[in-house]
Every structure is written in structure tokens, then in C-alpha cells.
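Student: Structure here, sequence nowhere to be found:
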């Protein structure tokens, strides 16, 4: 997805929010903001929004001298999600359709996004989780389950810390032997890195690799050779969150985008309302990916 | 008032809104936004927000080649307010305290501000007017009336087109022989110029001059010599709207600021909630201005 003009005021606001979170020095916050304004004035609008996010947060890390300014927040979000994990696990086990319940909770976990809203607590995540189990889901869970069952290699692109604990619920419903999870290569905002995957207990469940990049999305040209090789090999990709949607939705690849639509630009691009729970198969998926036998019992194959 | 960091994302959003209003050409909108981002990256934060507003809207006029891009909107707002005028007039006449009713409606008129919200219709203005007559008013109407009565020369700084019709209601309750109204010197956003004062019938009521400036506020250094002379001579100034507050609130001058607090930065500066109806005497007014006889029958003197 390209960057829309509407993204620009949002970048500036996000940069200010991030600067405030990272430093108490007003002069430093002003410096961050001025540098971001200058960068935004020259940005390539054909690039996806995470390209600008990458630039902004590199700048913040450089100016503040902090290599991982969101580390404590990420740890807090992981703890918060891990405290909820047992009860969410029980909800999934008690559901008639475990795959759908886990998928809904994985989308609920996507609410943990410092890029969109810096305020977050247990009550909020708990409420969102409960809502996600009953709200309308914009997507075809049967087609998703069938694709999982048919795929030979599944590449699961994680999004944020905290959220990755919710991803574990979904991973536990998947054919784990076929799944590799990818996290960011180095810290950017509150995006999940290897440390967060470890905190969530993912490496004990499936293989985890990192993408070698510090973009808050998946900019393939910026990712490691190994990551791109695995991405190419996978016949099914599951991409969590807005950043991964923004960077991958124009690819010719079978991708299921799993996210909560948190901003009007994304919602417009997806043709949904802000706040919608989205399971969306890529528009440009190879035709073969859609050649599904309607009679296939997808649920039994993946549970 | 200086420019706060919070004003910056707002400038960028306003610039985009304005660019969209003024041209359908996406490339031109992008050009406006890029130029505004560059200007914002270099701005002097000691200047008041209207200094940046002036720069943004000069840029928009230059790039689009339109000297008064909000002309039609201003005319529409004047018409809209003039349609409501007879019934508002009747409301003032029917009020126990005409001065307070007129003051409240003048504040309600301040909702007509394209800089803050581009959507506006008769129903909205009508609702806001009704609310303004009953909502809490943060200010001392008796002190205001007493100051009007005591003043020798009153300088009334208008704000927006449309709103200026509401100002007429207040002007009609004032000792008109002592009052001069000032409007902007040339078009900027939907701020009232001489044409709007004429549309509202102000010149038939009191003297009207313009300030010689195209800033959406009153930047004295940017105003004409004649305006500054009149400003200095006046022993009481009434300043409508946020732009006039932002540019004049640090002056040592007896000024009553009359506005609806429409943004969090202004509300914080005023120590009120967003949406509050404000009648606030300048913090830096000369001490003599406050030497009021409590027994003075201010109401009868000005009605």
C-alpha cells in the first residue's frame, strides 16, 4: 500500500507521541519533531507507511541514544498478555470452533499497538478480547482453515509484543510442524523481536526466525536473504497487523491478513469500518490458492 | 501565546484539510503538504500559532493561484448566520439580561471556524446557539459590562465570516458611539474582511477598519500603522476567537477575550475544558483597569 496524504498528519502526531514517551526533554522532543517534519516533506509517497515509520523511529533512537526505547513497554505488554493467557486458553478450549475463537483472540491482541494508541491496560485488553469473541468477523474462517490444512509451509509474520502471546493461541490451533514464525530483526516501536517471541513461549512451539529489518512492517527489500528465502518458499503467509498489511498487500502471494482495522486509511483500503476484525486473503493471491474443494473438511484437518 | 508542540500535527492536518477544500488536484495537495511540512520544520516556536497559519495559507493561495479560496464558504456562512439573525435578535430582546444573551450568542458564533472544523450547517449553528444560551459561561459578565461602560474607546476585533453576524448582536448591546470594529486586512481562511463586515451590516452600526494583515489573528507587528494607532488609543479591547487570543494574550493591555475553547492547547492555556464558553480578561491588563466600583450600575449604563 502506498502512503496516503492522510497518513502524513498521523506520522507527525505519532512522532510527537513517541518523542514524549521516550524523553522528558522538551528540546529533544522538538528536535525529533522538526527532523520528522523535514523527512516527511521529502518522503516518497510510493513507499508504504512503515517505510516512514522506520525512518522516524531510527531518528528517535539516534537522537535519544536509546537502542530500544519501548523495551519496558514491550515487557509490560508481554506480562499483561501472559497474565490473561490461561483464561484465554480456557476460552479457546471451551469454544465450539476453536480455530475461530483463537483467530478472534489473535485479532484482539492486535489492539496492543503503541503506534496507534499509547494508553493500554489489562481492563482494556480484557474488554477488547471479550468483544472480539462476539463481534462480527470480516473474513472466511473455513477458507482460512482449509488453506492451513493444504499448505506445505506456513510463514506467520508476528506484529507486536504482547500481541504475540495472543498469536500463540492461534498457533496452537495450527499444524505447528509446518509453521515458522517471523519477528522483526531489531527493535522498532513495540514490534515483537526474538526476545518477545521467547517471552511468549513461541520457540517451544514452532520455529522462530527474525526478518533482519527494523521496519514496523515487512519491507521485503529491507529483510535478510534468509527471511526472503523462507518467505518465497512458504506457500501460505499469515500476516498480523496493519504494518504487515501495508507492506505486503500488493504482493502476488497467498497471504491471509489478520488484523483489527485501526485507522480510517486502512479501513478505506479494506472497505470496512474502523474497528472491524479482519481476516482478508490477499487480492493478488495466485489463482491456484483459491482452488478449494468445497467439500473438504478443513476443521478436522487442522484441529 | 507561543506555539506548542501539540500545535504542529494540527497545522499539518489543517493544511491538508485546506488543500482538499481549495483544489481537487491530488498533486497540488501533496505539494501544499510538503511545503507546509518544510515550513513547519523550520518554524520559530516563540511565534504564536497564527504566524504559522498565515504562512500556510499564503502558501495555499500562492500554489493554487486563488487569492480568496474561502470566499464562497464565507458568503455561505454569512447567509446562514443572517438567516438565523432575526430569531437570535428576538432571543436577545426577550432575555432578562440582554448583554449576557448577546455575549453568549457572540461566543456561539465562534463555532463558525473552518480552521477547526470544515463541516457546518444551519442545524449545527442553531443547536450551538441554543446550547450557548444555557451552558455555563466562564467569565464575569458584570465586570465586562462595567468595563464597556467605563471605557472611552472600545476596539472590537472580529474573527470569522458568519460569526461577525453574531458579533452584531453583541455590538447592538454596546455603547456603539465608542466602538470601532476591526477586520482582517486581506483574506485568510474564513476570517472576516471588510466585505463580511458589510454583509453583516456592521458599518451602519459602528465604524469598521481593517488591520492590514493576512494573519488569522492579530500579529501587531504585521498590522498597519493606523490599526496599531487605534489599538494603542483604545482603553478597552474585545478580541473574538482563538486566533486573537493566541496573538494577544501576553500583551499588557485591557482585553476581554471572547471565544469558545475549541482545542486542547487553548483549553489548557485557559485552564478550562474544550468546548467551554469563555469571557476572559487579559492576565496582563493594567491594574487600573480592575479598579471597579462594585456599586456601579453597569447594566443600565450600557443598554
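Tutor: That came in fine, so what should we check first? Given the structure is predicted, the values throughout are model-derived calculations rather than measurements.
Student: Give the buried residues for the helix or strand where residue A:148 lies.
Tutor: Using DSSP states H and E, residue A:148 falls within helix A:141-150. Going by neighbour count (16 or more other Cβ atoms under 10 Å in any protein chain shown), the buried part of helix A:141-150 is A:141-150. For the C-beta atoms, the positions are set from N, CA and C on the backbone; glycine is no exception.
Student: For whichever helix or strand comes after it, name the packing helices and strands.
Tutor: Note on helix A:141-150: by DSSP H and E, the next helix or strand toward the C-terminus is strand A:154-157. Under the contact definition 3 or more Cβ pairs under 8 Å, 6 or more residues apart in numbering or on different chains; DSSP states H and E, strand A:154-157 sits against strand A:179-183, strand A:236-240.
Student: I'd like to know which residues of the stretch 151-300 of chain A are adjacent to chain B.
Tutor: Near chain B, no residue belonging to the stretch 151-300 of chain A is found when assessed by Cβ under 8 Å from any Cβ of the partner chain.
Student: now the helices for the stretch 151-300 of chain A?
Tutor: For the stretch 151-300 of chain A, applying DSSP state H, counting those that start in this stretch gives helices covering A:163-171, A:194-199, A:225-233, A:241-248, A:264-270, A:298-302.
Student: Reformat those helices into TSV and put mean pLDDT next to each item.
Tutor: Listed next are those as TSV, based on pLDDT from 0 to 100:
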stretch	mean pLDDT
helix A:163-171	97
helix A:194-199	98
helix A:225-233	97
helix A:241-248	97
helix A:264-270	94
helix A:298-302	44
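Student: Out of those, the one nearest residue B:48 is which?
Tutor: Among these, the nearest to residue B:48 by Cβ to Cβ is helix A:264-270 (30.6 Å).
Student: how about whatever residue of the stretch 51-200 of chain A ends up closest to chain B, secondary structure?
Tutor: The nearest approach of the stretch 51-200 of chain A to chain B comes at residue A:52, 11.6 Å away (Cβ to the nearest Cβ). Secondary structure, DSSP: H, G, I helix; E, B strand; the rest coil: residue A:52 is helix.
Student: Residue A:224 touches residue A:214, doesn't it?
Tutor: No - contact between residue A:224 and residue A:214 fails when scored by Cβ atoms under 8 Å: they sit 11.6 Å apart.
Student: any common contacting residues for the two?
Tutor: residue A:185 (Cβ atoms under 8 Å, 6 or more residues apart in numbering or on different chains).
Student: neighbour-wise, which of those two wins?
Tutor: residue A:214 (20 against 15; other Cβ atoms under 10 Å in any protein chain shown).
Student: just checking, that one touches residue A:55?
Tutor: No - at 10.2 Å, residue A:214 does not count as touching residue A:55 under the criterion of Cβ under 8 Å.
Student: Quickly find the element holding residue A:108.
Tutor: With DSSP H and E as the criterion, the answer for residue A:108 is helix A:98-109.
Student: residues contacting the residue nearest to residue A:66 when sequence neighbours are not counted?
Tutor: Spatial nearest neighbour of residue A:66, chain neighbours left out: residue A:22 (6.4 Å); criterion: Cβ to Cβ, 6 or more residues apart in numbering or on different chains. Counting by Cβ under 8 Å, 6+ apart, residue A:22 touches A:60, A:64, A:66, A:69.
Student: Buried ones only from these, please, as a ChimeraX command.
Tutor: To isolate the buried ones among those in ChimeraX, judged by 16+ other Cβ under 10 Å, type:
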select /A:60,64,69
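Student: so of the contacts of residue A:22, which ones are in helices?
Tutor: The subset of those located in helices under the criterion DSSP state H comprises A:60, A:64.
Student: biggest separation within the contacts of residue A:22, which pair?
Tutor: Maximum pairwise distance among the contacts of residue A:22 (Cβ to Cβ): 8.1 Å, between A:60 and A:66.
Student: tell me which strands and helices the helix ranked longest in chain A is in contact with?
Tutor: Looking across chain A with DSSP H, the single longest helix is helix A:71-93. With contacts defined as 3+ Cβ pairs under 8 Å, 6+ apart, the packing partners of helix A:71-93 are helix A:98-109, helix A:122-134, helix A:163-171, helix A:194-199.
Student: Residues touching that helix, excluding its own?
Tutor: Contacts of helix A:71-93 (Cβ under 8 Å, 6+ apart): A:21, A:98, A:101-102, A:105, A:109, A:112, A:114, A:120-122, A:125-126, A:129, A:133, A:160-166, A:168-169, A:172-173, A:187, A:190, A:192, A:196, A:199-200.
Student: out of the residues you listed, which are buried?
Tutor: Neighbour counting by 16+ other Cβ under 10 Å classes A:98, A:101-102, A:105, A:109, A:112, A:114, A:120, A:125-126, A:129, A:133, A:160-166, A:168-169, A:173, A:187, A:190, A:192, A:196, A:199-200 among the contacts of helix A:71-93 as buried.
Student: Kindly give the local confidence score, pLDDT, for residue A:116.
Tutor: pLDDT recorded at residue A:116 is 46.
Student: so where's the stretch 101-250 of chain A uncertain?
Tutor: Applying pLDDT under 70 to the stretch 101-250 of chain A flags the ranges A:113-120.
Student: if we go to 50?
Tutor: A:115-116 (pLDDT under 50).
Student: right, so the helices and strands packed on strand A:154-157: which one is the most enclosed?
Tutor: Comparing the helices and strands packed on strand A:154-157 by mean neighbour count (mean count of other Cβ atoms under 10 Å in any protein chain shown), strand A:236-240 ranks first with a mean of 26.
Student: Off-centre distance for that strand?
Tutor: 9 Å (Cα atoms, centre = their mean, to the nearest Å).
Student: same deal with stretch A:49-63?
Tutor: 18 Å.
Student: residues of it that come out buried?
Tutor: By neighbour count with 16+ other Cβ under 10 Å, stretch A:49-63 contains the buried residues A:49-57, A:59-61, A:63.
Student: Could you do stretch A:263-273 as well?
Tutor: For stretch A:263-273, a neighbour-count test (16+ other Cβ under 10 Å) marks A:263, A:265-267, A:269-270, A:272 as buried.
Student: Contacts for stretch A:25-42, please.
Tutor: Residues outside stretch A:25-42 that contact it (Cβ under 8 Å, 6+ apart): A:8, A:11-12, A:15-16, A:18-20, A:23, A:52, A:55-56, A:59-60, A:63-64, B:5, B:8, B:12, B:34-35, B:37-38, B:40-42, B:45.
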